[in-house]
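>>> Okay, here's the prediction I keep looking at, along with the sequence it came from:
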4 protein chains.
Amino acid sequence: MIVTIKKDGNQAQVDNLLTWIKSIGLSTHVSKGENNTIVGLVGDTTKVDIGLLESLDIVESVTRIQEPYKNANRKFHPEDTIIDVGGHKYGGNNFQIIAGPCSVESKEQVLSIAKEVKAAGATALRGGAFKPRTSPYAFQGLGFEGLDILRDVRDKTGMPIVTEIMSEFHIDAFMDIDIIQVGARNMQNFSLLKELGKLDKPILLKRGLSATIEEWLMSAEYIMAGGNNKIILCERGIRTYEPYTRNTLDLSAIPLIKEKTHLPVIVDPSHASGLSRLVRPMSLASVGAGADGLIIEVHNDPPRALCDGAQCLRPEQFSEVVRAIDVMLPLVGKVRD
Amino acid sequence: MIVTIKKDGNQAQVDNLLTWIKSIGLSTHVSKGENNTIVGLVGDTTKVDIGLLESLDIVESVTRIQEPYKNANRKFHPEDTIIDVGGHKYGGNNFQIIAGPCSVESKEQVLSIAKEVKAAGATALRGGAFKPRTSPYAFQGLGFEGLDILRDVRDKTGMPIVTEIMSEFHIDAFMDIDIIQVGARNMQNFSLLKELGKLDKPILLKRGLSATIEEWLMSAEYIMAGGNNKIILCERGIRTYEPYTRNTLDLSAIPLIKEKTHLPVIVDPSHASGLSRLVRPMSLASVGAGADGLIIEVHNDPPRALCDGAQCLRPEQFSEVVRAIDVMLPLVGKVRD
Amino acid sequence: MIVTIKKDGNQAQVDNLLTWIKSIGLSTHVSKGENNTIVGLVGDTTKVDIGLLESLDIVESVTRIQEPYKNANRKFHPEDTIIDVGGHKYGGNNFQIIAGPCSVESKEQVLSIAKEVKAAGATALRGGAFKPRTSPYAFQGLGFEGLDILRDVRDKTGMPIVTEIMSEFHIDAFMDIDIIQVGARNMQNFSLLKELGKLDKPILLKRGLSATIEEWLMSAEYIMAGGNNKIILCERGIRTYEPYTRNTLDLSAIPLIKEKTHLPVIVDPSHASGLSRLVRPMSLASVGAGADGLIIEVHNDPPRALCDGAQCLRPEQFSEVVRAIDVMLPLVGKVRD
Amino acid sequence: MIVTIKKDGNQAQVDNLLTWIKSIGLSTHVSKGENNTIVGLVGDTTKVDIGLLESLDIVESVTRIQEPYKNANRKFHPEDTIIDVGGHKYGGNNFQIIAGPCSVESKEQVLSIAKEVKAAGATALRGGAFKPRTSPYAFQGLGFEGLDILRDVRDKTGMPIVTEIMSEFHIDAFMDIDIIQVGARNMQNFSLLKELGKLDKPILLKRGLSATIEEWLMSAEYIMAGGNNKIILCERGIRTYEPYTRNTLDLSAIPLIKEKTHLPVIVDPSHASGLSRLVRPMSLASVGAGADGLIIEVHNDPPRALCDGAQCLRPEQFSEVVRAIDVMLPLVGKVRD
């Protein structure tokens, strides 16, 4: 960490600062330039309160050199983390495709889709039982009944299930879910993250609507600090000024985040755009960018009367996307199982 | 709600769509232009799933005319909502100042600050017991002990207390807090919002880090849908691309949101900037913009050794800001009690 | 265009508005709902001043149904525009790769790179003679001498040349440049766009740093309104709040913009990230997203002493990227010539 | 400038880097930490190419300590710059109000507005002759005829005139304009900035649509590098994700930029919102934030038939805003002349 002292910084205050830095177990390295004095802080700076330093009136700026995350940091864990979910591996040179409906609506619906996406190559089944909805008047999901349907379909198909948790009160009900998803809006629900840190279960951690890469990794760090290292990161688009797209899928984040962390990173091309006709191009783009997998909505189940005209990704279209991905995987050194 | 049909939209699909719209209890109004057919949906459209309509391949775009919030909408409740907290009114032509330390650290600290800010004109005491921290390694607040300190200081000073809730598990412990704060990161923690909707207590709802005004009002709507109408909105800065400021205080939002909703809106100038020397200018700017109040950190309690140099807003500075505000209040038709 | 009238809109003012709309040659279609009256404007609304309508105090909102661009609009020109540059086609099912150094530094440098990228598959040569630099103290490019070097290398290699124009004063000097590039910072330099509209030359129009897709197409429309339809759009990353990346490459924009317009769209993966090690993944991602081509910096020519360690994309790396792209092109229905 | 070297950086490459840094006239200061080696660059680093350093594969990050702007930097010119325009001073403890119509439409219109705003307290007259319009089909302004009208009204009223330049070709025609405005879209039209740097005239430099404060100051630096130090900065709202407002007025930028630079900073509350009913609150907010002045549209001249209903800021409303501002000025230590 580098603290830049103002040109006219009072020397007594500078000395107080240096004394205080040493008192919290760090050593300092001072270098005086023409216009500024620069103080380097050496040691474990993850606990230093940057805001406090910045608020001092002798300080011009504070720059972190060391990332504030440790467990998630590739610097200290150079090897890729590989997470096994029902025999399917996330991370390393593996590529996994999770697929299923947006919402769980009935056992028939989920079972039918599950069989088709499994046949096409999906290795896990997604489906929302508790749905985060902007409006309190919108359908909030089948809840516990939805979880039961997912469990039932898992029994019948052998597919691991992925579904979103929305309340700390529900932890017990999610104990046998194979991958617990944390949605974008809860990425910084720190109380929930702490609870998930106590588990020994894979967590699919979606990036917040406007989370920086660093904040996202800090949320992973919250879970890991509790002892649970099984985290699969999921890019799902960020908020920008552009009104034509619902979100801007940040694919540049993929190769960067894989430099920063050893955790696997997958992409959700369905939610990013909100338009199922963008799922194919954004899926191929994600593979090109180096993602470790995809989570795709295969059937958003529009009302029967509208179904012919709806542009949901139907199972046969999903199957074609998987075949295209298979052509690309050798280019990025990955294999699908 | 206006649905624009593509120029080459299949007529049978258009007919299906019209039939379906009627089946959910809405009437339609069709007008054919040169390049598009436009379908107006008449009735209560708050439950219509825009995403579903947009996904139809005959649909070019969907435009909401009616806001998706009802209880929070000034259109249906033209009068300002006025919320009483210990005899101090929020909303209407009232102006309230909430002040106190960022974190509760000790009874002596809180009591001392409370007395000073009360003397200077603050009508409620803020202080964090549970602290949302980006890093799991940072100080997380005194927790329940902090709540006890706040209660104790309330008893001694008569000031209502404002503090942040971070977990659904804590609802019971917050039952006697005068104003329960929902932080920016939990603005879309819908499970928490639903719990708060069951209470009969004022809720200070901070705007999310990158929440639109509409999303913010929809979060208020979540609480109100449960029966609790005592919501005080709090603008605290939004995320932009600008790196020099921690957040960009969105003061243009104040007059706009007051057109949209009847709920009171206050501003937090301390968190927006992260720099206490910006608190005075941003406080005056907030008054000018038409805010119904302010929530100000008065003492961020830096370690003793650093205190002289730190730019925390000290009680005497806070007092000067209040006097400046008093000069301005007649310009915006407000009074401070 | 849809104008929503406020619930309590004064009827005399509404009548004035309807009369005025008719006076500018549009017809109206009025429909009264429970809470709003909605006025549809039928006819050519591209010249209607939305700001004026929004400023009327009886108006709640104005929604454009028809895009404000005409010449660039696929609705009116369903076929892809195909632009020929020295026998190489942009648009349709063609895929072109433009490559070359960031800045023109010497004839030897440019000639050497040109030969290598041509051998590897590039069909046009890029190189900056006039450089847009944030700082007035940074190297501003070789200027006219740089243009001469590019012309010379074109003569020797037969490669068409692409270079950026920065001043209206330079139009004459660019008359024999094969593709004139308009940089992101000049995307809304309307005076320059008008001058380029008078030419019969391909224009590479980069997206502005924070331009919406609609603004970008309106800038194309400026050039087309003057009579020059030879526009190649270039996505180069947009500004977001994320500090880890220099820009966020908006690949979701590619399939969307190809629905909106018939113009070819290429991607610049080099400038988006500022990190040459991201060029390969972002190039493959761009192909997957459906781009019509790429413009890649092949050698940013660091000082000789630093060259070994620098992560510039060297010719052999560029060549490998082209081979990987060739594997992908059949998936997106494109061919490289 | 601080260069952080990767933990596993090749020592020969590090030595090359150090040699190269010295070769460009800087000295270095190396400090080795547990995980990184940090190299401090001492001397005038404004000419160092950060992008080049970042591209080296031994480099983890580069941090600028010294701002890249010199002439605009308060560090080197602690005193406020004060610019005299027809006897009215910008900067220091002065507060100026510029007012006038959005577009120049006729001599009668401009003269009438000029007289009224002068009487109300405006000390300069604004009016657009060349208008930057997103659409090529929108009214582009009266052009040179508009300039003539402004000159004529200046003669009749004695008010200095402020108007926007859009083309390098027009410099000669602007030589007798009192304050030449550079619009947001041209903030990084570096060719135009260089031309303006050769003049001895006040330049009103608007902040770009999504310009950082640093980029804005670098654009000022472009003009100052040419010898023209008479720059008045103008905040006019930045682009964010919020759709309810046209722009987000970044008032937090005001106190921050006044710390960074000695140049005067004014605010345009009219363009920021696009809604004239927000002009009063945003004007008061700007004064509170510490602006050195305002530029306000007083009459956007809607078609006669619509005028009654339009929410343009009429002269009498403008006059009331000025009176409110006068109440506030003592709070911010400013005086209006």
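Right, received. Where do you want to start?
>>> Residue A:247 against residue A:235, yeah?
No - counting by CB atoms under 8 Å, residue A:247 does not reach residue A:235; the two are 10.0 Å apart. Using the backbone N, CA and C atoms, a C-beta is placed for each residue, glycine as well.
>>> Tell me which of these two has more neighbours.
Set residue A:247 next to residue A:235 and count neighbours by other CB atoms under 10 Å in any protein chain shown: residue A:235 wins out with 25 against 21.
>>> which residues does the more buried one form a beta bridge with?
Following DSSP bridges, residue A:235 is listed with bridge partners residue A:267.
>>> Roughly how far does it sit from chain B?
Distance of residue A:235 to chain B, computed by CB to the nearest CB, to the nearest Å: 16 Å.
>>> before we move on, what about residue A:43?
Plainly put, residue A:43 is 14 Å away from chain B if you go by CB to the nearest CB.
>>> what's near enough to touch the closest residue to that residue other than its chain neighbours?
Counting by CB to CB, 6 or more residues apart in numbering or on different chains, residue A:26 is the residue found nearest to residue A:43 once chain neighbours are left out, at 4.0 Å. Taking CB atoms under 8 Å, 6 or more residues apart in numbering or on different chains, we find residue A:26 in contact with A:41-45, A:48.
>>> ok, so of the residues you listed, who is nearest chain D?
For these, the residue nearest chain D by CB to the nearest CB is residue A:42; the value is 5.1 Å.
>>> Who are the contact partners of that closest one?
Taking CB under 8 Å, 6+ apart, we find residue A:42 in contact with A:26-29, D:31, D:33-34.
>>> One more: residue A:7?
Neighbouring residues of residue A:7 by CB under 8 Å, 6+ apart: A:35-36, D:75.
>>> can you redo the contacts of residue A:42 as TSV with pLDDT?
What follows is these, written out as TSV (pLDDT from 0 to 100):
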residue	pLDDT
A:26	88
A:27	87
A:28	86
A:29	83
D:31	79
D:33	70
D:34	69
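>>> Only whichever of those are buried, select them in PyMOL.
Of the contacts of residue A:42, the buried ones go into a single PyMOL selection, burial set by 16 or more other CB atoms under 10 Å in any protein chain shown:
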select buried, (chain A and resi 26+29) or (chain D and resi 31+33)
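>>> what about the helices in chain A?
Secondary structure of chain A, counting by DSSP state H: helices at A:11-23, A:50-55, A:107-120, A:144-157, A:190-197, A:213-225, A:253-260, A:269-273, A:279-289, A:315-328.
>>> Residues of the stretch 101-250 of chain A that sit close to chain C?
A:210, A:212-214, A:237-238, A:240-245, A:247-250 (CB under 8 Å from any CB of the partner chain).
>>> List buried residues within those.
For those, a burial check counting by 16+ other CB under 10 Å picks out A:210, A:212-214, A:237-238, A:240-242, A:244-245, A:247-250.
>>> what's the farthest-apart pair in the residues you listed?
Greatest spatial distance among those (CB to CB): A:214 and A:244, at 27.9 Å.
>>> Out of the contacts of residue A:42, list just those in strands.
Using DSSP state E, the subset of the contacts of residue A:42 located in strands is A:27-29, D:31.
>>> Tell me the one of those nearest chain B?
Closest approach to chain B among the ones in strands among the contacts of residue A:42 (CB to the nearest CB): residue A:28, at 14.6 Å.
>>> need the contact list for the closest one.
So, once contact is read as CB under 8 Å, 6+ apart, residue A:28 ends up touching A:18, A:21-22, A:39-42.
>>> hang on, the earlier thing: mind putting the contacts of residue A:7 into CSV with neighbour count and pLDDT?
Output for the contacts of residue A:7, formatted as CSV (neighbours: other CB atoms under 10 Å in any protein chain shown; pLDDT from 0 to 100):
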residue, neighbour count, pLDDT
A:35, 16, 70
A:36, 19, 76
D:75, 19, 89
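>>> Looking at these, which is nearest chain B?
Closest approach between the contacts of residue A:7 and chain B, by CB to the nearest CB: residue D:75, at 14.9 Å.
>>> hang on, that closest one packs against residue D:67?
Yes - under the criterion of CB under 8 Å, residue D:75 makes contact with residue D:67 at 7.4 Å.
>>> By proximity to chain B, which residue of the stretch 201-337 of chain A wins?
Nearest residue of the stretch 201-337 of chain A to chain B, counting by CB to the nearest CB: residue A:210, 3.5 Å away.
>>> Find the nearest non-adjacent residue to that residue, please.
Residue A:210 sits nearest to residue B:210 (CB to CB, 6+ apart), 3.5 Å away.
>>> Likewise for residue A:58?
Once flanking residues are discounted, residue A:58 sits nearest to residue A:9: 3.7 Å by CB to CB, 6+ apart.
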